[in-house]
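>>> structure for the following, please:
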Amino acid sequence: MSKIAIIGCGVVGAAIAYELSLIPGLQITVIEKNTTASGSTGAALGVLMGAISQKKKGRAWRLRATSLKRYETLIPELEAKTGQEIPVNRQGIFKLLFAGENLEKWQKLQEFRSFEGWNLIIGDRAYVSQQCPHLVNDNIIGAVYSPQDRQIDPVKLTEALVTAATANGVKFHFGVTVENFVTQPASQGELLNCQQLKTSTGNIEVEQLIISAGLGSTPLTESLQQTILIRPVLGQAIKLKLDRPLGNPDFQPVITGNDIHIVPLGNQEYWLGATVEFPSETGESIADAELLAKIQQEAIAFCPLLKTATILKTWSGKRPRPEGIPAPIIGNLSGYSNVLLATAHYRNGVLLAPGTALEVVQMISKIKN
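Okay, here's the model as predicted:
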């Protein structure tokens with residue numbers, strides 16, 4: 001096996017292409033119907049809630065831990081190879097705790113993480129006032145600070161992955177649509193084998209196919225007669241600018257409270273978001289302006305200085321959420337011997353991209369050997 005095709009070039013598809021490009025002897029082709037990071041990747045805040053998540057075991061935690069560790073080597077590796085700067089906030093995540101919060105839950109998580117070398121700091125109201133004096137609300141009882149979590153610019157990251165993978169010989173085809181598949185029964189029995197992709201610019205021979213197309217994965221699997229339902233969950237965010245940095249200019253972590261993120265971007269600019277808006281019964285996803293306004297008011301309630309901010313722009317994007325099964329979907333497509341799925345990461349595509357890519361590499365290596 002040497003000819004591998006990847007459909008989809010968001011952060012996950014690009015990460016898979018790059019990690020596979022480090023294996024000698026593979027011919028890798030990436031097909032993307034739009035441009036790099038044009039889907040849910042381009043509508044992500046890039047907040048990596050790994051160590052501070054409540055996930056403790058199984059695939060959910062393994063992917064997070066693997067991804068966080070790989071990011072520490074991946075970012076400098078990509079910057080050295082490409083000369084492209086990838087903006088990374090290394091000042092961690094500062095999560096506010098409000099009245100009624102289960103402190104024992106966080107203390108248990110802190111103890112659990114420490115055994116594996118992850119540092120969580122739990123502080124009271126005085127700790128919040130000392131570290132982030134701009135966060136003021138009578139219901140704040142403390143905070144959990146995770147210094148090893150990160151925030152990354154998802155688009156810059158994806159562009160660097162594409163540049164590095166291209167330098168390693170990966171062929172990228174943008175603006176190309178996969179129109180159909182040529183399949184035949186595999187030698188080992190009833191499973192099918194995908195042999196060729198029919199695209200809008202010609203045919204591509206494949207020995208291994210990886211579908212990493214987010215919301216576009218559903219129609220692709222329909223064409224393969226194995227429909228995987230992935231629904232769009234819309235998110236909205238606001239880009240703000242203040243006349244000075246929030247709090248201490250030298251301590252600018254991502255602030256999160258009540259599932260609202262304040263993401264520092266430098267130059268006194270911040271992302272504020274994001275909403276979680278499920279599609280209607282008819283499948284429509286329409287941005288609700290009232291929900292975005294509510295996010296802003298709830299953020300002002302614990303960070304009053306945001307009231308003086310200027311709104312630079314608002315955006316919305318759709319995140320791929322699998323129907324009836326946990327996110328993400330990583331594994332073989334039922335009925336096929338050579339089709340892998342690495343898709344439907346919902347709100348954690350950027351966080352889980354390196355871990356997903358390394359898991360796919362393991363699967364490909366087993367097949368190859």
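
>>> how is the protein partitioned into domains?
The chain resolves into domains spanning 3-86+153-229+323-368, 93-147, 232-320 when parsed by automatic domain parsing.

>>> just send these back as JSON lines, with mean neighbour count and mean pLDDT too.
The way it works is simple: take the backbone N, C-alpha and C, and place the C-beta from them, glycine included. Output for the domains of the chain, formatted as JSON lines (neighbours: other CB atoms under 10 Å; pLDDT from 0 to 100):
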{"stretch": "domain 3-86+153-229+323-368", "mean neighbour count": "19", "mean pLDDT": "96"}
{"stretch": "domain 93-147", "mean neighbour count": "16", "mean pLDDT": "97"}
{"stretch": "domain 232-320", "mean neighbour count": "17", "mean pLDDT": "95"}
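
>>> quick one, strands of the stretch 251-369 of the chain?
254-257, 260-266, 269-273, 310-322, 329-332, 339-343 (DSSP state E, counting those that start in this stretch).

>>> how about the helices of the stretch 101-250 of the chain, start to end?
103-115, 125-131, 154-167, 217-223 (DSSP state H, counting those that start in this stretch).

>>> how about the nearest residue to Ser280, chain neighbours excluded?
Of all residues not flanking Ser280 in the chain, Ile286 sits nearest, at 7.6 Å (CB to CB, 6 or more residues apart in numbering).

>>> that older thread, turn the helices of the stretch 101-250 of the chain into JSON lines, including distance to Leu246.
Listed next are the helices of the stretch 101-250 of the chain as JSON lines, based on distance: least, CB to CB, whole Å:
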{"stretch": "helix 103-115", "distance to Leu246": "24"}
{"stretch": "helix 125-131", "distance to Leu246": "12"}
{"stretch": "helix 154-167", "distance to Leu246": "22"}
{"stretch": "helix 217-223", "distance to Leu246": "38"}
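
>>> those: which one's closest to Thr314?
helix 154-167 (17.2 Å; CB to CB).

>>> how about the closest one as CSV, C-alpha atoms only?
The C-alpha trace of helix 154-167 is given here as CSV (Å, rounded to 0.1, in the frame of the first residue of the first chain):
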residue,chain,number,x,y,z
PRO,A,154,-6.5,27.3,13.7
VAL,A,155,-6.1,28.8,10.2
LYS,A,156,-2.4,29.6,10.6
LEU,A,157,-1.8,26.2,12.0
THR,A,158,-3.6,24.5,9.1
GLU,A,159,-1.8,26.6,6.5
ALA,A,160,1.6,25.6,8.1
LEU,A,161,0.6,21.9,8.1
VAL,A,162,-0.2,22.2,4.4
THR,A,163,3.1,24.0,3.6
ALA,A,164,5.1,21.4,5.5
ALA,A,165,3.2,18.5,4.0
THR,A,166,3.7,19.9,0.5
ALA,A,167,7.4,20.2,1.1
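
>>> point out the other helices and strands that it packs with.
Counting contacts by 3 or more CB pairs under 8 Å, 6 or more residues apart in numbering; DSSP states H and E, helix 154-167 packs against helix 11-21, helix 58-82, strand 171-174, helix 349-368.

>>> hmm, who's touching it?
9-11, 14-15, 17-18, 21, 28, 30, 36-37, 41-42, 44, 46, 75, 77-79, 81-82, 84-87, 172, 349-350 (CB atoms under 8 Å, 6 or more residues apart in numbering).

>>> let me have the strands of the stretch 251-369 of the chain in TSV, adding distance to Thr356 as columns.
Formatted as TSV, those follow (distance: least, CB to CB, whole Å):
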stretch	distance to Thr356
strand 254-257	22
strand 260-266	22
strand 269-273	23
strand 310-322	13
strand 329-332	6
strand 339-343	5
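
>>> nearest to Val206 among those strands would be which one?
strand 339-343 (9.2 Å).

>>> give me the sheet partners of the closest one and which way each runs.
Strand 339-343 pairs in its sheet with strand 208-211 (parallel), strand 329-332 (antiparallel), by DSSP bridges.

>>> nearest to Asn203, of the strands of the stretch 251-369 of the chain?
strand 339-343 (17.0 Å).

>>> between the closest one and strand 310-322, how many degrees?
150 degrees (axes from the mean of the first three to the mean of the last three CA atoms, to 10 degrees).

>>> contacts for strand 339-343, please.
8, 12-13, 16, 194, 208-214, 217, 221, 224, 228, 230, 320, 328-333, 356-357, 359-360, 363-364.

>>> wait, what's in contact with Ile210?
Ile210 sits in contact with 4-7, 13, 16, 339-342, 360, where contact means CB under 8 Å, 6+ apart.

>>> and it, bridged to which residues?
Under the criterion used here (DSSP bridges), Ile210 is bridged to Ile6, Leu340.
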